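Trainee: Got a predicted structure plus its sequence, pasted below:
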Amino acid sequence: MTRVCAIVGPTAVGKTRIALDVAADLQAEVVSVDSMQVYRGMDIGTDKASGDMRERVPHHLLDLKDPDRDLTVAEFQALARRAIADISERGKLPLLVGGSGLYFRAIVDDLQFPPRSPAIRRHFEERAEEEGAETLYRELDRLDPVAASRIEPGNARRIVRALEVIELTGRPFSDNDAWERYESRYELKVAGLERPREELYTLIARRVHEMLQAGLVEEVQRVNEDGLSVTARQALGYKQVLDLGPQARVDELHLEIMRATKRFARRQLAWFKADPRITWFDASAPGVTEALKAFFGATEG
């Protein structure tokens, strides 16, 4: 069975920096578990690993598609598993790093993804625009309360996908017992990074400030010139810049992006805390990098 390690946790907790030090010592290569870093040109807003970082440690699943194209979870799953096999065959350790809980589980667990129908999806997308995401959310809650409990009421993209599957299959979107089993296809060790909440919120505020200073608004305008896919448009920061429009003040953008990022961080933590395979580490603790190296380097009993 292929050995795979992972570092997961909420946005801004410090995964990228810590993972670089861990990967360098363990002869590992990073497989990004981020649903938005797959898009070319979306660099500032996704806090993508820099060129220097990629030279130090090879990274996979970055810059795969132009942002006007969608990349499905099933496609991501296949690409990630291919990268893991390639890294392992070369004698290196695949190290998954990221905060996209669905994509993480898609890689490591035997999850199957239902078919798609562009016509049905368009039908629900049009309804979401006309009636609002909350109306469709109530419909989903009636048809599949388990799926609804896992989706933010304002997340039109995921609500539409769930309703599309129900319409296509006649079965609940949540009707897949693999979701409940937490049984990996790999020899898996997972570390979760967390921080005290107020400290995490301070780091989120700092990151948002730095992104705006680095040119986030200009980056959003640039990638939006050729159009953004439904998925890419939902990226944190990009959605708020587009929704508030070109006349938005920097302080308005900062507040809206920070609020959205805090909500997202809470959802990430809730998702990962439900996974019993994850061993948690305080990212602010002295020696956390050495603790992680020991955790991943230790052999099983």
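Mentor: Everything's here; your move.

Trainee: For the rest of this, base every contact and every neighbour count on C-alpha atoms.
Mentor: Fine.

Trainee: Quick check, pLDDT for the residue nearest the centre of the chain.
Mentor: Geometric centre of the chain, nearest residue: residue 100, 2.3 Å, by Cα atoms, centre = their mean. What the model reports as pLDDT for residue 100 is 94.

Trainee: for it, what are its contacts?
Mentor: 33-35, 268 (Cα atoms under 8 Å, 6 or more residues apart in numbering).

Trainee: next one: residue 151
Mentor: By Cα under 8 Å, 6+ apart, the contact set of residue 151 is 158-159.

Trainee: and the gap between it and residue 244?
Mentor: Computed as Cα to Cα, to the nearest Å, the residue 151 to residue 244 distance reads 24 Å.

Trainee: Also residue 211?
Mentor: 17 Å.

Trainee: More neighbours: the two, which one.
Mentor: Neighbours per residue, other Cα atoms under 10 Å: of residue 211 and residue 244, the larger number sits with residue 211, 18 against 13.

Trainee: ok, and the closest non-adjacent residue to the more buried one?
Mentor: Nearest non-adjacent residue to residue 211, counting by Cα to Cα, 6 or more residues apart in numbering: residue 44, 6.0 Å away.

Trainee: OK, contacts around that neighbour?
Mentor: 211, 214-216, 219.

Trainee: Show me the two of these that sit farthest apart.
Mentor: Across these, the longest distance by Cα to Cα is 10.1 Å; it joins 211 and 219.

Trainee: and the contacts of residue 100, which are buried?
Mentor: Buried residues within those, counting neighbours by 16 or more other Cα atoms under 10 Å: 33-35, 268.

Trainee: Distance from the chain centre to the host helix or strand of residue 231, please.
Mentor: Using DSSP states H and E, residue 231 maps to helix 230-233. Chain-centre distance of helix 230-233: 13 Å, with Cα atoms, centre = their mean, to the nearest Å.

Trainee: Residue 7 and residue 95 touch, don't they?
Mentor: Yes - because the distance of 7.4 Å satisfies Cα atoms under 8 Å, residue 7 is recorded as touching residue 95.

Trainee: Comparing those two, which residue is more hemmed in?
Mentor: Counted by other Cα under 10 Å, residue 7 and residue 95 do not tie: residue 95 has more neighbours, with 29 against 25.

Trainee: Now do the SS call for the more buried one.
Mentor: Classification of residue 95 by DSSP: H, G, I helix; E, B strand; the rest coil places it in strand.

Trainee: Can you give me the distance of it to residue 161?
Mentor: 29 Å.

Trainee: likewise residue 273?
Mentor: For residue 273 relative to residue 161 (Cα to Cα), the value is 24 Å.

Trainee: for the stretch 151-300 of the chain, what spans make up the helices?
Mentor: Under the criterion DSSP state H, counting those that start in this stretch, helices of the stretch 151-300 of the chain are mapped to 156-169, 178-181, 197-214, 216-224, 230-233, 238-244, 250-273, 288-297.

Trainee: what comes up buried for the third one?
Mentor: Using 16+ other Cα under 10 Å as the burial criterion, the residues of helix 197-214 that qualify are 200-201, 203-205, 207-209, 211-212.

Trainee: Since that was my last question, I'll sign off now.
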